[in-house]
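Asker: sequence plus predicted model, see below.
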Amino acid sequence: MQVRADQLEAQLSKSLAPLYVVHGDEPLIALESADAIRAAARKAGCSERELFIAERYFDWSELLNAGASQSLFGERKIVELRLPTGKPGTEGAAAIERYCAVLNPDCVTLVTLPRLDKAGQNSRWFLALSAAGVVVEVWPMDRARLPEWIAARLARARQRAGPETLQFLAERVEGNLLAAHQEVQKLALLLPEGELQLEDVQAAVTSVARYDVQGLVEALLSGDTARYARVLEGLRGEGEAPTFVLWALAEELRGLARIHTGVAAGRQVEQLFRENRVWRNKEAATRTALRRLARPAVEAALTHAAKIDRVSKGLAKGDPWDEFLILGMALTRPATTGAAPANRTGARPRPAYAR
């Protein structure tokens, strides 16, 4: 059984499964999910806890013994296994399969590991875990959902904020959910209950946003011009390599071109998404991009990306960051909205596909 992290509370309120697996790459949500499982287990009478961290040279017989042994006082217990690398190895994989085959009804088992790729999720040991209990998938927080998430956190402290204030907070903590949590806690200490005023929040909150290339790609797909420019400037300020930024953008554009070709040939979008590694967290943004950007625009953008490659290697004149901005502006807003912003030379070049 698989549930999202936001569905876990409802699942725990109905019944307590004998085994839970938490995997994902959002530390705060993964930590809170594990805490919720432990709390539910304790409420169900699990008064003891055994923790195993499967690092190098870990003795897998310890896990098997913990699952098979009774508590000293005959009480239920939590058996927790942490896989920091997400790769148990041959011996560990076999031990996990054996453990799942004979789950002890007096134990609640919690397995935590980083987000697994498709191959990891299709491995025999992970499928054994999935069949034995509940798998909690922890996905990164979408930028579009961040204001709603912040509002829910504020509500816990009996505070609320208007849309403008929530957008301000989201911009300051984008890509750093742990920092977002800390900022909300700080607001609960500094400001009174009730409606928060934008001016008060601005005075209290520090910008702790962390930008990554995936955020740039998401802004491009969604057609969010302001966010694209903001993330691009953040990446530049943080010293990201232009070649890496170009690779991520070009890969996304090539995927859009392949999907357009497949749709034109009568193939199903869902199958094309799987083939091009468009997972659930990117489906909505990709569908938006497919509706907004025709194939000729995507192909012209790829031609522009080839030019940026030459610029970044010193084979053509220009600045790759200026070209990234021009590329993004052309793909995230209609040509009728006006000329592209000037680069540092004062010129306002626009690619042909933006006209």
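Answerer: The structure has been received and is ready for your questions.

Asker: poorly predicted segments of the chain, please.
Answerer: 69-74, 206-209, 334-355 (pLDDT under 70).

Asker: and residue 237, how many neighbours does it have?
Answerer: Using other Cβ atoms under 10 Å, the number of residues around residue 237 comes to 9. C-betas here are computed from N, CA, C, even on glycine.

Asker: quick one, phi psi at it?
Answerer: Backbone dihedrals for residue 237, given as degrees, to the nearest 10, come out at phi -60, psi -30.

Asker: for it, what are its contacts?
Answerer: With contacts defined as Cβ atoms under 8 Å, 6 or more residues apart in numbering, residue 237 has no neighbours.

Asker: renumber starting at 52 from here on
Answerer: All set: I'll call the first residue 52, so the last point we hit is now residue 288.

Asker: longest helix anywhere in the chain?
Answerer: Taking DSSP state H as the assignment, the helix of the chain that covers the most residues is helix 293-315.

Asker: buried residues in whichever helix or strand comes after that helix?
Answerer: Helices and strands here follow DSSP states H and E; after helix 293-315, the next one along the chain is helix 320-326. Using 16 or more other Cβ atoms under 10 Å as the burial criterion, the residues of helix 320-326 that qualify are 323-324.

Asker: repeat for stretch 271-282
Answerer: 271-276, 278-282.

Asker: same check, this time on stretch 306-315
Answerer: Of the residues in stretch 306-315, 306-308, 310-311, 313 count as buried by neighbour count, 16+ other Cβ under 10 Å.

Asker: now stretch 160-170
Answerer: Neighbour counts using 16+ other Cβ under 10 Å place 160-167 of stretch 160-170 among the buried residues.

Asker: now tell me what touches the longest helix of the chain from outside.
Answerer: Helix 293-315 is touched from outside by 264-265, 267-268, 271-272, 283, 286, 320, 322-324, 326-329, 337, 340-341, 344-346, 349-350, 352-353, 356, 359-360, 363, 371-372, 375, 378, with contacts defined as Cβ under 8 Å, 6+ apart.

Asker: run the last query once more with 7 Å
Answerer: With Cβ atoms under 7 Å, 6 or more residues apart in numbering as the contact definition, helix 293-315 has outside contacts at 264, 267-268, 271-272, 286, 320, 323, 327, 329, 340-341, 344, 346, 349-350, 352-353, 356, 359-360, 363, 371-372, 375.

Asker: next one: stretch 224-234
Answerer: Residues from elsewhere that reach stretch 224-234, judged by Cβ under 7 Å, 6+ apart: 77-80, 192, 194, 197, 201, 204, 220, 256, 259-263, 266.

Asker: kind regards, and thank you for your time.
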